[in-house]
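K.L.:
Sequence plus the predicted model coming up.
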Amino acid sequence: MEGVGADSVGSGTAPANQFWIDVSRRYQYYLDKTTPHAIYRWIGSAVIVLIYILRVYYIQGFYIISYGLGIYLLNLLIGFLSPLVDPEMEVSGGGGPLLPTKGSDEFKPFIRRLPEFKFWYSFTKAVCIAFVMTFFSMFDVPVFWPILLCYWIVLFVLTMRRQIAHMIKYKYIPFNIGKQTYGGKKASASSSGTRGD
């Protein structure tokens, strides 16, 4: 009897739920297809940001939305540049892996607190939400925008200075700059090239 009642209740809501499940799967499918194409994703995001900037410029408003967006993007950038495990907490607290600090330490790859794909996705989603908000006048709070801009620049400089000092103190670089090469191959190639036959 319980199975009959459950089917009759479930069948009434199944088409609506199935529609949203299908939409969600299709959205996730296309999102997954963009994963290996980081450059194209960021170019698309840059175009969206340019459209947002042009809209705010031509409307001459929504500065508080832009300021909130800037603070949120700064927060995302800090997460992107920070390691998953903060070495400062590891030194003072419990055990666990630390970032290598000496040449003799074993290599430990840099693992971000916010991976690149999630950073891009959150970045793009935030800009799109801010863009949609510019169509509603209730979000256009009158403010003196130069003060907000100066405050954001000061906040950015202080935050990045603290982040760079943290990177220098714990000797990590959050970017991969090409494939690492070693001197062993070059030395053997140059020694074989100097041989005269």
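P.N.:
Sure thing, it's come through. Numbering: from 1, shown residues only.
K.L.:
Ramachandran angles for the closest residue to Y170 other than its chain neighbours?
P.N.:
Distances taken as Cβ to Cβ, 6 or more residues apart in numbering place P87 nearest to Y170, at 4.3 Å, with adjacent residues excluded. (C-beta placed from N, C-alpha, C; glycine too.) Listed backbone geometry of P87 is phi -60, psi -30, with angles given as degrees, to the nearest 10.
K.L.:
Kindly report the same for R112.
P.N.:
Residue torsions, per degrees, to the nearest 10, at R112 are phi -80, psi 150.
K.L.:
number of nearby residues for it?
P.N.:
The burial count assigned to R112 is 15, neighbours taken as other Cβ atoms under 10 Å.
K.L.:
and the residue nearest the centre of the chain, how far is that from K171?
P.N.:
For the chain, the residue nearest the mean C-alpha position is F119 (1.6 Å; Cα atoms, centre = their mean). Here F119 is placed at a distance of 23 Å from K171 (Cβ to Cβ, to the nearest Å).
K.L.:
Equivalent analysis for Y72, please.
P.N.:
Separation of Y72 from K171 (Cβ to Cβ): 29 Å.
K.L.:
more neighbours, those two?
P.N.:
For Y72 versus K171, the count of surrounding residues by other Cβ under 10 Å is larger for Y72: 16 against 12.
K.L.:
ok, and the closest non-adjacent residue to that one?
P.N.:
Per Cβ to Cβ, 6+ apart, closest to Y72 is A126, 5.4 Å.
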